[in-house]
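Peer 1: Using only what follows, build the 3D model:
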Amino acid sequence: MRIALITARNPLATAADRSDQPVYLARALASQGHRVTLYARRDGTSTPEAVLGRGVAIEHVPAGPAKELTPEQAAKYMPDFAAYLIGRWKTNRPDIVHAFTWVGGLAALGAVRGTDIPVVQTFGSLALAESRHDHGSVRASRMRLETLIGRQANAVVASSTQEAGDLARLSVPRPSVRIIPAGVDTDVFTPVGKQASRSSRVRLVAIASSEQAAGLQAVVRATAQVPGAELVIVGGPDNRHLPRSGPYSELAQLASGLRIRSRVKFAGEMSSAKLAALLRSADVLVSAAAYEPSGIAAIQAMACGTPVIASAVGAHSDAVIDGTTGLLVAPDHASMLAHRLRRLLSTPALLSAYGIAAADRAQSRYSWDRIARETAATYERCLPSRAVADADEAATAEEELGLFAVTG
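Peer 2: Numbering: from 1, shown residues only. Below you'll find the model as predicted:
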């Protein structure tokens, strides 16, 4: 297949989070024989057009000012993005278009208008879920747009069972929804490899985005209830660049108030290789977030053979098998998290067993080879020839059922 992936963000300029998923998906699809072009909005951080590996190319689309924009700002320029794609596809028509985020969906649907090119949509995070968890300010207009995009797309990829349920609440047709989780690079995130240096203290690791410190206060409070444990926070600023105000400053103040500031380290952003080394050195990855759409951090830790204790929300509920690869707890519940941590850390054999099971699950379920195969299967079902075949099969089945009703 000739596949076009659409994203409004530059996936090559992001940290190892869900924002770089299109790049990994593109490479995995290409390794399976597909031809992939990744179209990303030119934002000033973009590198020149390049080949990302055999069978994969990236084009940076001029749509709006060449600087980083918020999703709402970028959305204003999606007609320009769509116009660019229409021009490119006059001579290089894709078989399928896969859009990432609601902003990418606007560009994709605009570009295929008047054609039979099918569109697959991945939202990554839904406004409906964010508003439910007070995850920043969410505009009602975005929720309406996501509803329209979800209904118009030929298929929608949900990263978790919970997201699939939210899509149903938006009246996105259930047959068009496919649950395909986020993937991880199981060549980098593996139990075998370098480990970050550490002391004899129990090491807990928590991962947050640069913008959000969701659930970290509960993790800091739980750390205070685990004697001698150290907490390494990845994402956001490092120890040397802590701001004087904001969520990370508040975390440092909380640690000081709990008299564990010396046991809480802010590690800042990390490359995938350094993050993998840190996760291998950890005893447990912890998360108390009330909202987790992708579960990337938990899956990366599992792939490194590190057990996870995480809040039973979003993708965590699918990724972490409670009592097998780790433990699930109520979100933002410091005392429960601390209790589970103390019990698990006091049983080294169980900790080791969880780590082995976690690595096995991550390798078998979240490798990019499997994610790409499931995604390609979703594409196949959307192709016009397959859609006609499915309609013919449905008509034949309906006719047979009708005959059975008359004669039976």
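
Peer 1: ok, the helix or strand containing Tyr39: who's next to it in the sheet?
Peer 2: If you go by DSSP states H and E, Tyr39 is part of strand 35-41. As defined by DSSP bridges, the strand partners of strand 35-41 come to strand 2-7 (parallel), strand 56-61 (parallel).

Peer 1: Show me the contact partners of stretch 194-205.
Peer 2: Contact partners of stretch 194-205, identified using Cβ atoms under 8 Å, 6 or more residues apart in numbering, comprise 219, 223, 226, 228-234, 263, 273-274, 277-286, 301, 306, 341, 345. (Each C-beta comes from the backbone N, C-alpha and C, glycine too.)

Peer 1: other SSEs contacting the helix or strand encompassing Thr223?
Peer 2: Using DSSP H and E, Thr223 maps to helix 216-224. Under the contact definition 3 or more Cβ pairs under 8 Å, 6 or more residues apart in numbering; DSSP states H and E, helix 216-224 sits against strand 203-207, strand 230-234, helix 247-257, strand 284-287, helix 334-345.

Peer 1: contacts for that helix?
Peer 2: Contacting residues not belonging to helix 216-224 are listed as 204, 206, 208, 229-231, 233, 247, 250-251, 254-255, 258-260, 263-264, 286-288, 332-335, 337-338, 341 [Cβ under 8 Å, 6+ apart].

Peer 1: Write the PyMOL selection for whichever of those are buried.
Peer 2: The following PyMOL line selects those of these that are buried, judged by 16 or more other Cβ atoms under 10 Å:
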select buried, resi 204+206+208+229+230+231+233+251+254+255+260+263+264+286+287+288+332+333+334+337+338+341
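
Peer 1: Render the CA-only coordinates of the strand holding Tyr39 in CSV, please.
Peer 2: Extracted C-alpha coordinates of strand 35-41, given in CSV (Å, rounded to 0.1, in the frame of the first residue of the first chain):
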residue,chain,number,x,y,z
ARG,A,35,5.5,2.8,0.9
VAL,A,36,5.0,5.5,3.5
THR,A,37,5.1,9.3,3.4
LEU,A,38,4.9,11.2,6.6
TYR,A,39,3.5,14.7,6.2
ALA,A,40,4.2,17.1,9.1
ARG,A,41,3.5,20.8,9.4
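
Peer 1: follow-up on the earlier one: pipe the helices and strands packed on helix 216-224 into CSV and attach distance to Arg42 and mean pLDDT per row.
Peer 2: Shown next, in CSV, are these (distance: least, Cβ to Cβ, whole Å; pLDDT from 0 to 100):
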stretch, distance to Arg42, mean pLDDT
strand 203-207, 29, 97
strand 230-234, 29, 97
helix 247-257, 31, 94
strand 284-287, 34, 97
helix 334-345, 43, 96
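
Peer 1: Out of these, which gets nearest to Leu126?
Peer 2: Ranking the helices and strands packed on helix 216-224 by their distance to Leu126 (criterion: Cβ to Cβ) puts strand 284-287 first, at 19.4 Å.

Peer 1: Residues contacting the helix or strand following the closest one, please?
Peer 2: Remark: after strand 284-287, the chain's next helix or strand is helix 296-303, criterion DSSP H and E. For helix 296-303, contacts defined as Cβ under 8 Å, 6+ apart pick out 16-18, 181-182, 184, 186, 189-191, 205, 207, 275-276, 279, 282, 285, 287, 292, 307-308, 310, 315-316, 319-320, 325-326, 358-359, 361-363, 366.
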